[in-house]
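Novice: sequence below, structure please.
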Amino acid sequence: MTAAIAAHEKGAEVILLDRGSMGTGTNSALANGLFSGPSSAYGADEYMRDTFESGRMLNYEPMVRMVADEALAAIDLIRSMGVVIEETGTSWHSVKPPRPEIIPGFALVKKVADAVRRLPRVRFVGGFYVTELVRDEQGMRGVRGFLANGAETSLHASAVILATGGAGAIYEMHDNQRNITGQGYRLAAAAGLQLWDMEFVQFIPVVLAEPHTPRMLLFSPYPAGTKLINGAGEDLVDKYGLAPLNDSVRKRRDDLSICLFKESRTGPIYMDYRNVADSAWTVHPLVLLSGVKFDFKNRPARILPAAHFFNGGVRVTGRGETALPGLFACGEIVWGLHGANRRAGNALTECVVFGQAAGQAAAACEGEDRPAVEGRRTRTDSPGPSSMGRLRELRASLKKLAWEKAGIVRSGASLRQALDEATHLDDLIREVRPGDIGQRLTREDLLSASFVLRAILTASLARTESRGCFSRSDYPGEDNDRWLKNSCLSYGVKTSTFSLDHSPASGPVPSSRAPQAL
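Specialist: Numbering: from 1, shown residues only. Alright, predicted model coming up:
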């Protein structure tokens with residue numbers, strides 16, 4: 001949406017595509033509304049230092065510097081759309097929704113979407129599923145896909161911006177929108193782009209896992225009296241020697257996720273709000289639980305760590321341009337800012353900074369013809385022997401495989417086994433002949449999910465260390481002598497296989513750090 005606004009300001013005609021409705025199907029709509037960046041008491045150099053520390057020095061320095069320089073202007077742009085953002089602490093800026101029971105991210109995307117709808121040269125097309133990036137020798141020429149009624153569709157344009165998010169929903173336990181399965185990574189790789197650092201998937205420690213409740217992040221800050229406990233009532237923060245709960249969630253989330261994952265292997269773990277003051281239930285964040293059918297005040301709620309964010313992806317320039325002329329990218333699909341781990345608040349800041357850059361640069365590519373949707377024909381596939389039931393079985397198998405073998409803690413043996421299983425699952429998904437639009441949507445999402453899972457597994461096998469959000473039980477410590485490197489995957493469309501390379505990281509020399517607790 002910020003890319004569309006920036007392109008419009010430069011005079012471009014814009015078509016904004018989404019498989020659903022504008023903004024509300026994104027992970028930004030589920031966010032706690034936190035922007036990271038410099039503030040009145042926190043300079044750009046400090047921001048860069050802390051971002052590199054979170055990323056364990058695998059960050060791409062030009063991108064970190066660009067965000068440090070432009071974060072405050074980006075936040076002011078969002079304020080200009082009517083979003084209330086206040087400084088909270090030294091390095092964070094928080095969205096304040098109009099009412100405490102509204103998720104801050106939802107209030108944010110609604111205001112930005114309203115701003116987009118007021119622009120005369122931006123057309124929104126919903127129910128559009130992109131299946132291919134169209135290009136020739138000169139660069140991008142548009143996209144192909146299908147509409148909600150199954151009609152095949154081509155869209156011709158002089159520039160394309162990928163803003164597809166990550167792939168958290170490939171995991172059995174995640175807090176993403178359910179359709180975020182890596183479609184953008186698959187599109188980019190099929191068009192010839194490389195994918196960087198795909199092994200680095202960030203897991204968030206505290207996601208609701210009670211049966212018959214939504215898999216939602218339990219937002220911080222947690223009020224006094226909140227505890228993480230196991231079935232025996234032990235305080236898990238104390239048991240594992242971590243910092244106070246709120247500090248652990250913001251500053252040591254990887255260590256906390258690993259500890260909670262380990263604990264969950266022996267029995268259930270819970271978030272316990274029973275000793276929280278009554279007044280805390282009327283304000284953010286606990287007021288967000290008022291619509292969930294569970295007695296949080298009197299019963300501990302079962303939780304688990306969950307897949308949250310992808311740090312890797314497509315490499316872009318400071319203009320948001322990929323290696324393919326006319327193809328740009330912004331948001332979670334982009335690699336570089338986060339390194340081995342995303343710092344809290346940097347996701348939304350990244351969206352706005354690189355959304356603006358991509359939109360401005362894409363507008364300069366505009367040719368004489370306006371972007372247009374054309375070339376429609378109705379799809380007439382007949383149902384194959386497989387049904388939606390079969391696709392659901394394959395989806396469940398893939399999610400379980402991702403969670404158990406490419407999840408919070410990995411090992412060489414399980415990764416090798418998982419890569420064989422994932423390849424087999426990919427073959428089975430390709431055999432399915434969808435008989436209706438629902439089956440086709442599910443199959444396309446599964447093809448993206450299996451693609452991303454194989455990318456994660458391939459990159460993970462090569463990295464023989466633990467760093468940031470990446471943890472291997474057989475290599476529990478950082479190895480700065482050998483692994484201050486970024487992984488780079490290339491994809492062979494004809495063979496459906498990956499090749500892997502590594503490049504030296506561009507960040508500063510890291511500080512010493514003890515191996516992560518397993």
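Novice: and residue 123, that's in a helix?
Specialist: No: under DSSP: H, G, I helix; E, B strand; the rest coil, residue 123 falls outside any helix and is assigned strand.
Novice: excluding sequence neighbours, find me the nearest residue to it.
Specialist: Using Cβ to Cβ, 6 or more residues apart in numbering and skipping residues adjacent in sequence, the residue nearest residue 123 is residue 15, 5.1 Å away. (C-beta placed from N, C-alpha, C; glycine too.)
Novice: so which strand or helix has that neighbour?
Specialist: Secondary-structure assignment from DSSP states H and E places residue 15 in strand 14-17.
Novice: and the next helix or strand after that strand, what does it pack onto?
Specialist: Remark: after strand 14-17, the chain's next helix or strand is strand 34-36, criterion DSSP H and E. Judged by 3 or more Cβ pairs under 8 Å, 6 or more residues apart in numbering; DSSP states H and E, strand 34-36 is in contact with helix 61-80, strand 92-95, helix 346-363.
Novice: and the next helix or strand past strand 34-36?
Specialist: Sequence order places helix 44-54 as the next helix or strand after strand 34-36, per DSSP H and E.
Novice: what's in contact with that next one?
Specialist: For helix 44-54, contacts defined as Cβ atoms under 8 Å, 6 or more residues apart in numbering pick out 36-38, 59, 64-65, 67-69, 71, 91, 337-339, 341-343, 346, 468, 507-508, 511.
Novice: by mean pLDDT, flag the weakest helix or strand of the protein.
Specialist: Evaluated with mean pLDDT, DSSP states H and E, the helix-and-strand set of the chain has its lowest mean pLDDT in strand 372-378, which scores a mean of 56.
Novice: where do the strands sit along the stretch 251-400 of the chain?
Specialist: For the stretch 251-400 of the chain, the strands defined by DSSP state E, counting those that start in this stretch cover 269-272, 301-310, 313-314, 327-329, 372-378.
Novice: can you give me the offset of the longest one from its chain's centre?
Specialist: To tie it back to what came earlier, the one meant is strand 301-310. 13 Å (Cα atoms, centre = their mean, to the nearest Å).
Novice: what mean pLDDT does that strand have?
Specialist: Across strand 301-310, pLDDT averages out at 98.
Novice: just want the angle from that strand to helix 346-363.
Specialist: Computed by axes from the mean of the first three to the mean of the last three Cα atoms, to 10 degrees, the angle separating strand 301-310 from helix 346-363 equals 30 degrees.
Novice: domain-wise, how is this structure divided?
Specialist: 2-200+311-377, 204-306, 384-475 (automatic domain parsing).
Novice: a markdown table for those domains, including distance to residue 497 and mean neighbour count?
Specialist: Shown next, in a markdown table, are the domains of the chain (distance: least, Cβ to Cβ, whole Å; neighbours: other Cβ atoms under 10 Å):
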| stretch | distance to residue 497 | mean neighbour count |
| --- | --- | --- |
| domain 2-200+311-377 | 11 | 21 |
| domain 204-306 | 30 | 17 |
| domain 384-475 | 9 | 20 |
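Novice: any idea how far residue 289 is from residue 265?
Specialist: Here the criterion is Cβ to Cβ, to the nearest Å. By it, residue 265 lies 27 Å from residue 289.
Novice: ditto for residue 431
Specialist: With distances taken as Cβ to Cβ, residue 431 is found 43 Å from residue 289.
Novice: by contact count, what packs against the longest helix anywhere in the chain?
Specialist: Longest helix in the chain, counting residues (DSSP state H): helix 437-462. Packing partners of helix 437-462 (3+ Cβ pairs under 8 Å, 6+ apart): strand 128-136, helix 183-190, helix 388-405, helix 412-431, strand 485-492, strand 497-504.
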